[in-house]
Every structure is written in structure tokens, then in C-alpha cells.
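Trainee: Mind looking at a prediction? Sequence and model below.
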Amino acid sequence: MIDSSRSARSFAVVTGASTGIGFELAKQFAEHGFDLLVTAEDAGIEAAAKQLTAAGASVESIRVDLCNYEGVEKLYTKIQSCGRPVDAIAINAGVGVDGNFAKDTELKAELNLIALNVTSPVHLAKRVVNDMVDRKQGRILFTSSTAGSIPAPFEAVCGASEAFLFSFAEALRGELQDLGVTVTALIPDAAEPKENQTDAARDGFVALMAGKDNVVACSRSRVA
């Protein structure tokens, strides 16, 4: 369990934190005075948590599938069990589906994408935002993508989900602007190589801490 006596350190939650931008975001938090709760659906989350501990953070991890209602509720229960207010949350978990919508892609995969990229961020934000508003304090980061800024042929459902995330983040920011809670959209550039995910995470963290509306960064690599 995270040591609640370490009140000098803030507390952050990062989803999709086993690899990719999610892990790099968690690393940014750890290196800047945050303790962490990290989550992903794969077994790599335990190894990621151990690496993050080396940065001086107290780290809890939970392996959970956010594609279903029960998974999000399980994560929120874990957040509550840590006994600390969430100072920041990076809602980063997501997947992509590429291919011709009519001929190549599978409906099951696309519905899974919608569940993870669209439904779970709304569900998790609903739980966490209420707590932040009650405290009049908190920071929320949503990972979207430049793929959501224009129609995305051969990524039709994925691009639409990224557009939803950006729109949702912008609207939520407007609602919360006078309530002490900031919302930032991290928009990695879909055209950039995955090797730039460290820089993308750094850009996102800096923008979040500055309370910025959004930041276009340099990689789209995300994991569930």
C-alpha cells in the first residue's frame, strides 16, 4: 500500500502505463515528486511499477481491463483504497485498429476500441472528477492524437475516438475552469516515430502542470 504519511509527495494515477507514452508519463510524475498508482491490462505493469520505484516514488500497480464497466470500477476502488486524494490523473490507455472499414477490420475489435478509447475515459473521469471538484483541486490529462483532428481513412473508428477524446477534454475543461480542476489534452503527432514517446510524455506533463488547454507533441504510441 502507498504510504499515506508521505504527504510531501503528490499522488497521480496513470492508465496504460506498462509501456509507451503511458510508462513515460508515469516516469515524469515519479521524477517530479509524485507517488503513483499505475495500471494496464497486461502483466508488464508489475515490471513497470518496479522501474518507476527506482525514480524514488512509492508505486502501486493493478492489472485491470478497462474495456468493461467492472474493470473501471475495480480501478476506482483501488484508487480509493490508497487513501490519498488524486492530485493528477493521466487517462492514457487506448488501442488502434487500422484497415479498410468495409473489408479488412473486425467489428469486435472496433467495439473493443470504442470501449477502451471512449467509454472508459468517460467512466473513469466521472468517478475522479467528482472527488476533485469536492476538493476544488486536481489535474486531468487525456491522451488523444492528431489523427482526431481530420477524417482518418483506414483508421475510421480510431480517428473518431481520438476526436471524441479531444472534444470531451475541451468541454470538460470549460465546465471545470472555475472549480479548481484543470483539463489538458495531450495530442501526440501520429506521423512521428514511436521513439519520440519520451519527448511526447514530457511535453504532456509540462502542459498538465502548467494548466494548459492542450499540447501537440511528437508520438502517438499508446498501450492499453
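Mentor: Thanks, I have the structure now.
Trainee: on contacts alone, who are the packing partners of the longest helix along the chain?
Mentor: Longest helix in the chain, counting residues (DSSP state H): helix 156-176. Contact partners of helix 156-176 among helices and strands, from 3 or more CB pairs under 8 Å, 6 or more residues apart in numbering; DSSP states H and E: helix 107-114, helix 120-135, strand 138-143, strand 181-188, strand 214-217. For every residue, glycine as well, the C-beta is placed using N, CA and C.
Trainee: at 6 Å instead, please
Mentor: Applying 3 or more CB pairs under 6 Å, 6 or more residues apart in numbering; DSSP states H and E, one finds that helix 156-176 contacts strand 181-188.
Trainee: outside of the helix or strand just after the strand it packs on, which residues touch it?
Mentor: Moving toward the C-terminus from strand 181-188, the next helix or strand (DSSP states H and E) is helix 197-209. Residues outside helix 197-209 that contact it (CB atoms under 6 Å, 6 or more residues apart in numbering): 20-21, 24-25, 28, 139, 141, 184, 186, 188, 215, 217-219, 221.
Trainee: swap the cut-off to 8 Å and go again
Mentor: For helix 197-209, contacts defined as CB atoms under 8 Å, 6 or more residues apart in numbering pick out 20-21, 24-25, 27-29, 32, 88, 90, 139, 141, 143, 182, 184, 186, 188-189, 192, 214-215, 217-221.
Trainee: what angle separates that helix from strand 181-188?
Mentor: If you take axes from the mean of the first three to the mean of the last three CA atoms, to 10 degrees, helix 197-209 sits at 160 degrees to strand 181-188.
Trainee: Now do helix 197-209 and strand 138-143, the angle between them.
Mentor: 150 degrees.
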